[in-house]
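J.: Provided below for reference: sequence and predicted model.
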Amino acid sequence: MNKKLFFKDKVVWITGASSGIGEALVYEFAGLGARLIASSNDSEGLERVKLNCARPDAVRCVPFDLSDTSEIGKIVEYQIATFGQIDYLLNIGGISQRSRIEETPVWLDRKIFEINYFGTIALTKAVLPYMINRKSGHILATSSITGRFGFPLRSAYSASKQALHGFFETLFLENKANRIRTSVIIPGRVRTGISLHALNKEGEEYGKMDAGQANGILPEQAARTIIRGIIRNKREILVGRGELIMLYIRRICPWLFFRIADKVKN
């Protein structure tokens, strides 16, 4: 399969596009001839990504905050009017957490859900009718390996990602007849700033790079894996290295998973 022919002139919308995996995906898709809508809550970061892109004229920066979706319908309507269609929606944006359950106020749980779950499904629901009308489109959501199991210091994060699995599996089943494809991206350790920007018990940035994160694969490697998964129409796209074995251990040998997870400092 020629990747350039596959994505040439397709309209690809990426959230979380100002850093990490989202930024790497912008560069990859631009190199494959796609037209891009790049979104995040960091307008300066988006402009930097656009200028660093091999084809800056192919990138349209559309900043908005996933925690406030009150204008999302108008934003989507304007992009459709501009581009005529959305072929791929990659929900990459999100936020992580580093705090124990008893120390985490409910307002913080809600904030994490607003960004990771409600922000993602609001954009998805706004784009979906246009894809249904065209009987074409592919929508992706970003989960995590902790979207498949609980893990210390990540209660709200893990729960918000697990919720995405239920939503997107239902989206797939309801829209097979409409020829809408869906995928859930499941990253393990990727060398991004996700732990730096994770929220602590006060709702402030954690500000530390996790050791596992620092030794993870590069965002560019993650982006290439995701693109291969899109081409192969995988419903779950696993991204990472050896840590992904935890997914299989949790499913096949739960007692071993809990023994391993119990050794994590919390």
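T.: Sure thing, it's come through. Numbering: from 1, shown residues only.

J.: so how far is the top helix by length along the chain off the chain centroid?
T.: If you go by DSSP state H, the chain has its longest helix at helix 155-174. A distance of 12 Å separates the centroid of the chain from that of helix 155-174, by Cα atoms, centre = their mean, to the nearest Å.

J.: Tell me where the stretch 1-150 of the chain has helices.
T.: Under the criterion DSSP state H, counting those that start in this stretch, the stretch 1-150 of the chain contains helices at 3-7, 20-31, 43-52, 72-83, 106-113, 119-134.

J.: chain center to the longest one: distance?
T.: Centroid separation for helix 119-134 versus its chain: 16 Å, with Cα atoms, centre = their mean.

J.: what angle separates it from helix 72-83?
T.: Counting by axes from the mean of the first three to the mean of the last three Cα atoms, to 10 degrees, helix 119-134 points 40 degrees away from the direction of helix 72-83.

J.: What lies in contact with helix 119-134?
T.: Applying Cβ atoms under 8 Å, 6 or more residues apart in numbering, the contact partners of helix 119-134 are 13, 15, 66-67, 69, 72-73, 75-76, 80, 85-86, 89, 91, 93-94, 137, 139, 141, 164, 167, 171, 175, 178, 180. The way it works is simple: take the backbone N, C-alpha and C, and place the C-beta from them, glycine included.

J.: just stretch 72-91 next, same as before
T.: By Cβ under 8 Å, 6+ apart, stretch 72-91 touches 10-16, 22, 25, 34-35, 37, 60, 62, 64, 120, 122-124, 126-127, 130-131, 134, 136-142, 226, 230.

J.: how does it look with 7 Å?
T.: Around stretch 72-91, the neighbours that count as contacts under Cβ atoms under 7 Å, 6 or more residues apart in numbering are 10-15, 25, 35, 37, 62, 64, 120, 122-124, 126-127, 130-131, 134, 137-142.

J.: Repeat that for stretch 52-62.
T.: With contact meaning Cβ under 7 Å, 6+ apart, stretch 52-62 is reached by 26-27, 30-31, 35-39, 43, 46-47, 50, 75, 79.

J.: And those residues, which of them are buried?
T.: With burial judged by 16 or more other Cβ atoms under 10 Å, the buried subset of these is 26-27, 30, 35-39, 46-47, 50, 75, 79.

J.: export those residues to JSON lines and tack on distance to Pro105 and pLDDT?
T.: Converted to JSON lines, the buried ones among the contacts of stretch 52-62 look like this (distance: Cβ to Cβ, whole Å; pLDDT from 0 to 100):
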{"residue": "Val26", "distance to Pro105": "35", "pLDDT": "98"}
{"residue": "Tyr27", "distance to Pro105": "38", "pLDDT": "98"}
{"residue": "Ala30", "distance to Pro105": "41", "pLDDT": "97"}
{"residue": "Arg35", "distance to Pro105": "42", "pLDDT": "98"}
{"residue": "Leu36", "distance to Pro105": "37", "pLDDT": "98"}
{"residue": "Ile37", "distance to Pro105": "35", "pLDDT": "98"}
{"residue": "Ala38", "distance to Pro105": "33", "pLDDT": "98"}
{"residue": "Ser39", "distance to Pro105": "28", "pLDDT": "98"}
{"residue": "Leu46", "distance to Pro105": "31", "pLDDT": "98"}
{"residue": "Glu47", "distance to Pro105": "35", "pLDDT": "98"}
{"residue": "Lys50", "distance to Pro105": "37", "pLDDT": "98"}
{"residue": "Ile75", "distance to Pro105": "30", "pLDDT": "98"}
{"residue": "Gln79", "distance to Pro105": "36", "pLDDT": "97"}
